[in-house]
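[1] dropping the sequence and predicted coords here.
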Amino acid sequence: MTLLTEAVRAGASPQELERAEPPREYTAAYIQAEDARMFDGVADRDVRKSLRVGEVPMPELAPDEVLVAVMASAVNYNTVWSAMFEPIPTFRFLKQFAAQGGWAERHDLPYHVIGSDGAGVVVRAGSGVRRWRIGDHVLMSCVQPDDQEPATHADGMLGADQRIWGFETNFGGLAHYAVVRASQLIPKPAHLTWEEAACNPLCAGTAYRMLVGERGARFKQGDVVLVWGAAGGLGAYAVQFVKNGGGIPVGVVSSPEKAAAARRLGCDVVVDRREIGLDDRTADDPRAVVEVGKRLGSVIRREVGEDPHVVFEHVGRATFGVSVFVVRRGGTVVTCGSSTGYQHGYDNRYLWMKLKRIIGSHAANLQEQWEVNRLISLGRIMPTLSEVYPLEEIGEAARSVQTNRHIGKVGVLCLASAPGQGVTDPGLRAELGEARLNPLRTPATA
């Protein structure tokens, strides 16, 4: 009997995939519970030391789940958090999930297969799956909602038992196979390669909800939007959504190379953080926060004539005080993360006396993910892929994100044998052109 992995790699038909035998074990990137304290007292929590690649048992499918043969995945910052065992080891999430009983008990294991992005082929479907079939080319949203919670039906992100797949659940996307709920699936854009498609869902969906979605900042045409980390995974999509929606993106970056990347994405104004004197110590001194804010505001007014309407925040402690200061009277700071620290300090007078708003945002619901995917499928928003690693080198891939050496998204090949595979609409791809499709990749790697 043909093995399923061989059939997937050979581009087998749905009928052939259904007849092929699934493996009992599969290759995955994972962390181990026994390593959770390995970085105690260590200054540099080097994720290359904790990330492992090896064989893990194939889990059984629940009725509402599908098994996806993962062709490509991507590194997110939660990959780094998982491998650093910060802010807490993810095994605590798995135990909390398993406490629900039933199918959730599978997730409490001494290893955690991580990864919250992925593109691949549906190869098995549970008995309760109705809208997806074996052979479908799909993306996987990182959000695993609980459809039995009332709040979920108002917004998939509001349910208290909503979880981030591959971070708060097991069987994630940095592997040859992944287990996801059918409610996480999105059609793969036909003109993209596996690795280009895999890099989009988590960061593009998060940025869309923050800026465009009805529960985010809801920027409008002509708005000035300040984007921290404009050449990073989140920022690179934020810049595109602002530009595509008629706004004026102003990006802050940390190097000339990243400044050039931000301009290629459409940034009207790019500011090097060194130009405004922002460093790791700024947040510790309230006066320094104000001085940096004044310098940044002066640059923005000089270039576009007014203060920002919206600040796109995800950096956290290092920038949050400046964000609250620099946004205009009545403006909005929207935040989805804190890669430099969760304890934020800011002068509340600038918030309450100038009628500013802070909005918390987290990932994206399935409707928002489909809206993003439509824009990508139309060629309005481009992948932000910059580098591609094989799964066996996940440690190096994650380290590049941990140390902020990367630009845009770092892709990982799983079952795909080489970059460039998976395109089923070569006509649209040719119409858009390779350079436009890969704004953050060099000609040698595009």
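    Everything's here; your move.
[2] so for the lengthiest strand in the chain, mean pLDDT?
    In the chain, taking DSSP state E as the definition, the longest strand is strand 65-75. Across strand 65-75, pLDDT averages out at 98.
[3] which other helices and strands contact it?
    For strand 65-75, the elements it packs on are helix 4-9, strand 119-125, strand 177-181, helix 194-198, helix 394-402, strand 409-413, judged by 3 or more C-beta pairs under 8 Å, 6 or more residues apart in numbering; DSSP states H and E. (Each C-beta comes from the backbone N, C-alpha and C, glycine too.)
[4] deepest of the ones you listed, which one?
    For those, average neighbour numbers computed from mean count of other C-beta atoms under 10 Å are highest in helix 194-198, which has a mean of 31.
[5] give me the distance from it to the chain's centre.
    Centre-to-centre, helix 194-198 and its host chain are 13 Å apart (C-alpha atoms, centre = their mean, to the nearest Å).
[6] and that helix, what does it pack against?
    Packing partners of helix 194-198 (3+ C-beta pairs under 8 Å, 6+ apart): strand 65-75, strand 119-125, strand 385-390, strand 409-413.
[7] and with 6 Å instead?
    Helices and strands touching helix 194-198, by 3 or more C-beta pairs under 6 Å, 6 or more residues apart in numbering; DSSP states H and E, are strand 65-75, strand 119-125.
[8] make TSV from these and add distance to Leu17 to it.
    Putting those into TSV (distance: least, C-beta to C-beta, whole Å) gives the following:
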stretch	distance to Leu17
strand 65-75	8
strand 119-125	5
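[9] I'd say Phe325 and Gly293 touch.
    Yes - contact criterion C-beta atoms under 6 Å: Phe325 and Gly293 qualify, at 3.6 Å.
[10] could you work out the end-to-end span of stretch 197-205 for me?
    13 Å (C-alpha to C-alpha, to the nearest Å).
[11] what is the neighbour count of the nearest residue to Glu275 once chain neighbours are set aside?
    Nearest residue to Glu275, sequence neighbours excluded (C-beta to C-beta, 6 or more residues apart in numbering): Val299, at 7.2 Å. By the measure other C-beta atoms under 10 Å, the count of residues near Val299 is 18.
[12] for the stretch 301-446 of the chain, what spans make up the helices?
    Along the stretch 301-446 of the chain, counting by DSSP state H, counting those that start in this stretch, helices occupy 320-326, 348-352, 366-377, 394-402, 426-432, 434-437.
[13] identify whichever of the helices and strands packed on helix 194-198 lies nearest to Gly213.
    Smallest distance to Gly213 across the helices and strands packed on helix 194-198 (C-beta to C-beta): 21.6 Å, for strand 65-75.
[14] partners of that closest one in the sheet?
    Sheet pairing of strand 65-75 (DSSP bridges) gives strand 119-125 (antiparallel), strand 177-181 (antiparallel), strand 409-413 (antiparallel).
[15] want to throw those strands into TSV with mean pLDDT and distance to Glu306?
    What follows is the strands paired with strand 65-75, written out as TSV (pLDDT from 0 to 100; distance: least, C-beta to C-beta, whole Å):
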stretch	mean pLDDT	distance to Glu306
strand 119-125	98	40
strand 177-181	98	44
strand 409-413	98	31
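[16] pick the most buried one from the helices of the stretch 301-446 of the chain.
    For those, the largest average neighbour count (mean count of other C-beta under 10 Å) is found in helix 320-326, namely a mean of 26.
[17] from the rest of the structure, what touches it?
    Residues from elsewhere that reach helix 320-326, judged by C-beta atoms under 6 Å, 6 or more residues apart in numbering: 289, 292-293, 296-297, 311, 313, 333, 344-346, 350-351.
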